Each structure stands twice: as structure tokens, then as C-alpha cells.
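Q: with the input below, show me the fold.
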Amino acid sequence: MNPPLTSSAAASASGADLLLWVAVPYICLAVFAVGHVRRYRQDQFGWTSRTSQLLEHRWLRWGSPLFHLGTFMVIAGHVVGLAVPSSWTEAAGISEHGYHTTAVWAGSVAGVAMVTGLGMLCARRLLTRRIRLGTDRSDKLLFPLLSATVLLGITATAAHNVFGPGYDYRETVSVWFRGLFVLQPQPEAIAGAPLLFRLHALTACLLFAAWPFTRLVHVWSAPIGYLARPYLVYRRRATPAAAPTAAHRPRPASGSRRAA
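A: Just a heads-up that it's a prediction; the model follows:
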């Protein structure tokens, strides 16, 4: 258990801490909000995942489900770990040891699935020439940034909580995270966290800033939006039937008259 933060620690926040852990997060959140509004108003036709399934589907068939399933599990774990105070889980009857044991093993499974899926998607984009040529600038920004965020989080968990002595980020990183949303930022809470946790938090902020300008916007269209929008159906073009010849042209029924 980490020692509680004191007022003297709060007063010792440097200018660099204020910049990294107060100014940068709020700027990224502002870009996240304003960028989504602007993207939706000016580029609704680009509000899509820009799937390349028609170009290659074997890697996508396994990589996409692994990545998305792992991502949902990781997001759920972050919501509980960052947004829910430890006093709430203890009041619900979940001990601190039980929480950390579950979080470490469930997070490890989710992280492995997410990294495996992301690795397959990145390899697919690099090794398939048609997909590589269709990669635009936003993808060239998104994939390295997303990979860095994921790998830093996995490495921090493995180094400190799987193979290391253990680190209770709920007493530091979580305090800083919740303080941002209640407009009571506490940069000193995260300033003393291990380097890997700080780098993970910083790249996550940058990922939120890049979000509205990349294919990640399709997250807000699923699953409710996809239930109402029409499907794109690809059909093979049928060969037009040949016009019937005079020998095969049907004869008019007996007793019928031709129009004048």
C-alpha cells in the first residue's frame, strides 16, 4: 500500500508536472470533444471504420475479433480501476487483495488478446501490398500511437504487478484521473508514479486527442447505429439476357388483334 498524499506533496508540484498532468490532459480532452463535433458536422461520410475486408480477410477474420474483445475487456478494467475508488469496492465486499489478483489475471488475458489482435492487424496492413498502399495519414498516426499505449500498459502491469513487488495505482494514478473530471486536478498524485505508468497515461491522453481524426470514430456508431443503418451489399453483376430471335419470339394468342 502506498502512503497517502499530503498537502506538502501537493504544494511541491513543479511547472513540468502542471504542464504534463494538468494542461496536456485538458487540452487533449478539449480536442477530443471539439474534434468529434467538427468531424460529425463536416465529414459524416467518413464516419466509418474504412474496412478493407474486400482486399484481405484471412488475417482480419482472427485479428479483428481478438483485438475488439480484448479492447472491451481492457476498457472495462480501466473504468473500474480508474473511476471507482478502492473504498467503494471494499464496501461491496471485495478485498484489496482479491481486487488486485482478479485485475492482474483478467487484465493479462485481455492484454494478450488485444496485443495479439493488434499485432495481426498491423502485420496485415504492412504485409498486404494493396492495404499498405491504401493506408492514409491518419492510420500512420493511429497505429503507432495505439500500439505504444497498449504496449506501455502491458509492460507496466507485467513489470510491477506480475513479476514485480506490486504497485497500487489506485492510490496515485486513479486519484489524478478522477481529479481531472471533478475539476480538482492533482498532478502530484501521478508525478511520483513509476515511469511506465506515467508514459502510459501520457500516450493515452495523446490517443484521445487523435481519436476524432481517425477511424476510431466508428466506435460511437456501434452497436446502436449499425442496427438502424442500411447494409452495404455487394452483388455480382449479372450478364444481360440475349434478345429473343424471331424463331423463338412467342406468337400472339389466337383471336388477338394487333394494334394499329
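Q: poorly predicted segments of the stretch 1-150 of the chain, please.
A: Where the stretch 1-150 of the chain drops to pLDDT under 70, the residues are 1-13, 49-56.
Q: what about 90?
A: 1-15, 40-65, 68, 80-81, 84-108, 111, 121-140 (pLDDT under 90).
Q: show me the helices in it, by range?
A: Secondary structure of the stretch 1-150 of the chain, counting by DSSP state H, counting those that start in this stretch: helices at 7-11, 15-18, 24-42, 58-78, 86-91, 96-127, 129-133, 137-157.
Q: want to throw those into a markdown table with distance to S221 and mean neighbour count?
A: (C-beta placed from N, C-alpha, C; glycine too.) Shown next, in a markdown table, are the helices of the stretch 1-150 of the chain (distance: least, Cβ to Cβ, whole Å; neighbours: other Cβ atoms under 10 Å):
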| stretch | distance to S221 | mean neighbour count |
| --- | --- | --- |
| helix 7-11 | 41 | 10 |
| helix 15-18 | 37 | 12 |
| helix 24-42 | 10 | 14 |
| helix 58-78 | 14 | 16 |
| helix 86-91 | 32 | 13 |
| helix 96-127 | 19 | 16 |
| helix 129-133 | 22 | 11 |
| helix 137-157 | 17 | 17 |
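Q: nearest to G192 among these would be which one?
A: helix 7-11 (7.7 Å; Cβ to Cβ).
Q: got TSV for the helices of the stretch 1-150 of the chain, with distance to P212 too?
A: Shown next, in TSV, are the helices of the stretch 1-150 of the chain (distance: least, Cβ to Cβ, whole Å):
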stretch	distance to P212
helix 7-11	33
helix 15-18	26
helix 24-42	3
helix 58-78	18
helix 86-91	31
helix 96-127	20
helix 129-133	23
helix 137-157	10
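Q: tell me which of the ones you listed lies nearest to V175.
A: Nearest of the helices of the stretch 1-150 of the chain (Cβ to Cβ): helix 86-91, 10.1 Å.
Q: what's that closest one packed up against?
A: The contact analysis (3 or more Cβ pairs under 8 Å, 6 or more residues apart in numbering; DSSP states H and E) places helix 86-91 against helix 96-127.
Q: the helix it packs on to helix 58-78, inter-axis angle?
A: Here helix 96-127 points in a direction 150 degrees away from that of helix 58-78 (axes from the mean of the first three to the mean of the last three Cα atoms, to 10 degrees).
Q: so what secondary structure elements neighbour helix 96-127?
A: Short answer (3+ Cβ pairs under 8 Å, 6+ apart): helix 96-127 packs on helix 58-78, helix 86-91, helix 129-133, helix 137-157.
Q: so which of the helices of the stretch 1-150 of the chain is nearest P194?
A: Among these, helix 137-157 comes nearest to P194, with 6.9 Å by Cβ to Cβ.
Q: from the chain's centre, how far out does that closest one sit?
A: 10 Å (Cα atoms, centre = their mean, to the nearest Å).
Q: now do stretch 28-39
A: For stretch 28-39, the distance to the chain centre is 16 Å (Cα atoms, centre = their mean).
Q: which other residues reach it?
A: 46-47, 180, 205-206, 208-209, 211-213, 217, 220 (Cβ atoms under 8 Å, 6 or more residues apart in numbering).
Q: quick one: closest of the helices of the stretch 1-150 of the chain to R170.
A: R170 sits nearest to helix 86-91 of all these, at 5.0 Å, using Cβ to Cβ.
Q: if we can go back for a sec, among the contacts of stretch 28-39, the buried ones, what's the PyMOL command?
A: Provided next is the PyMOL selection string for whichever of these are buried by 16 or more other Cβ atoms under 10 Å:
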select buried, resi 180+205+206+208+209+211+212+213+217
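Q: quick one: which of the contacts of stretch 28-39 is nearest to A106?
A: Proximity of the contacts of stretch 28-39 to A106 (Cβ to Cβ) peaks at F208, which lies at 23.6 Å.
Q: circling back to that earlier point, between the helices of the stretch 1-150 of the chain, which one is closest to L199.
A: Of those, nearest to L199 by Cβ to Cβ is helix 137-157, at 5.1 Å.
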